[in-house]
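Novice: Quick one, fold the following:
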Amino acid sequence: MNKSGGPLEGHLVVSLEQAVAAPFATRQLADLGARVIKVERPDGGDFARRYDESVHGEASYFVWLNRSKESITLDVKSPEGRAVFDRLLADADVFIQNLAPGAARRLGLSADRLRSQRSELIVCNISGYGSDGAWSDRKAYDMLIQAEVGFMSLTGTPDTPSRAGISIADIAAGMYAFSGVLTALYERRRTGEGAELDVSLFDSLAEWMGAPAYYSLNSGRVPDRVGGHHATIAPYGLHSSVDGIPLVIAVQNEREWAAFCRQVLDQPALISDARFATNTSRVAHRAELDALVDARFGELTAVAVERLLTDANVAYARVRPVTDLGNHPALADRDRWRQIQTPGGPIDALLPPIQSTGDVDVRMGPVPSLGEHTTSILASLGYDEAEIETMRTCGAI
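Specialist: Predicted coordinates:
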């Protein structure tokens, strides 16, 4: 039981959201106690509900992104549905949307129009390429953004550009939307005024591309795609032990390099070898260096390698399958799992990464079924049973 409802208790967030970016932002607001009303289409709702059926019949993306929310089905294009939506917005602190390009404006839900009616409202628009400019009407999905921003040019093998295994552009945009809303709520306490926030997937991932962008734009060199290795640091990458267990090692400075040579490779002469004397030279001679590391690791079991690395104070990790995450000691030892409900049954879900030492616990509420809260929300807005049934009959809900 929470000792309080969370720092955002009493705040109402209304969202016209789908897929990943906006739902990730609003789920984090819900984690902190905000009431999040997710407005979904009556004819299927958020399309992320149907990505797969892996979690008791529910989609893994949807379960991850939508706990602790209320779901109402509304056809906001119908007069009846729009009237309900306007009533919801009348009490909202925050409105978030990531509809297709131009859709919110066509629905009369542009930030300038909404805030002209209620200046205290915080409006957060999430788009692919921003709300203005030549690319503003271009459809965008995560992998497309990874390609356009240059991320895929850095990821993969020399022969094959690759996407990240998770939706990093969506996640980045969701994080900036979340922090932007928190900032706007904080500022509103001082000024009484809301804000218009514009977050794009492209801008968000472009920010995350800062290091390789500065490297390339200022040096004229483009980092190579090096698979399971670091493009500009060596040795920093993937090597396998004699028992076939993949390990990632990371040597970050000259002190660690010297310890690695002496205690792990058992070749202290390499410390002063001109080919490996600096990180730049080690990167230039990566193939020779990797061959030396592979040869040494190929003589040892993973446990033996890990013991040597630990004694040398050199960082390492095992390359684990995602199925290991459920019982990973870094989570289990700190009690980081909580059971939540989904429409198909209970599952274990991770607590949010931000931990507070105060008395406030995070909310870990159930994942809603489509339209689960439609009737209760309408009743709270003053609609009677007959009016609700009429809206259901005409397809507005």
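
Novice: who are the neighbours in contact with Arg286?
Specialist: By C-beta atoms under 8 Å, 6 or more residues apart in numbering, the residues touching Arg286 are Val226, His229, Ala234. Using the backbone N, CA and C atoms, a C-beta is placed for each residue, glycine as well.

Novice: Rebuild these as a markdown table, extending it with distance to Ser127.
Specialist: A markdown table is the format used below for the contacts of Arg286 (distance: C-beta to C-beta, whole Å):
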| residue | distance to Ser127 |
| --- | --- |
| Val226 | 33 |
| His229 | 35 |
| Ala234 | 39 |
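
Novice: looking at the residues you listed, which has the most residues close by?
Specialist: Ala234 (23 neighbours; other C-beta atoms under 10 Å).

Novice: What separation do you get for that residue and Gly6?
Specialist: Distance, Ala234 to Gly6, by C-beta to C-beta, to the nearest Å: 45 Å.

Novice: Which element, helix or strand, includes Ala317?
Specialist: Secondary structure assigned from DSSP states H and E places Ala317 in strand 315-318.

Novice: which residues sit against that strand?
Specialist: Ile245, Pro246, Leu247, Val248, Ile249, Ala250, Gln252, Ala302, Val305, Glu306, Leu309.

Novice: repeat that for 7 Å
Specialist: By C-beta atoms under 7 Å, 6 or more residues apart in numbering, the list of residues contacting strand 315-318 from outside reads Ile245, Leu247, Val248, Ile249, Ala250, Glu306, Leu309.

Novice: For PyMOL, write a command that selects the buried ones of those residues.
Specialist: In PyMOL syntax, the buried subset of those is picked out as below (16 or more other C-beta atoms under 10 Å):
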select buried, resi 245+247+248+249+306+309
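
Novice: Which of the contacts of strand 315-318 sits closest to Gly180?
Specialist: The closest of the contacts of strand 315-318 to Gly180 turns out to be Ala250 (C-beta to C-beta; 32.6 Å).

Novice: residue contacts, the closest one?
Specialist: Counted by C-beta under 7 Å, 6+ apart, Ala250 has contacts Tyr236, Ala315.

Novice: what number of residues lie near Gly5?
Specialist: With other C-beta under 10 Å as criterion, Gly5 counts 15.

Novice: er, Val36 actually
Specialist: 29.

Novice: Bridge partners for it, pull those for me.
Specialist: When assigned by DSSP bridges, Val36 has beta-bridge partners Val13, Lys69.

Novice: Where does pLDDT dip in this structure?
Specialist: 1-4, 358-360 (pLDDT under 70).

Novice: Going by residue numbers, what spans are strands in it?
Specialist: 12-16, 35-40, 69-73, 94-97, 122-127, 195-200, 236-240, 246-250, 315-318, 337-342, 345-350 (DSSP state E).

Novice: chain center to the second one, what's the gap?
Specialist: Relative to its parent chain, strand 35-40 has a centroid offset of 19 Å by C-alpha atoms, centre = their mean, to the nearest Å.
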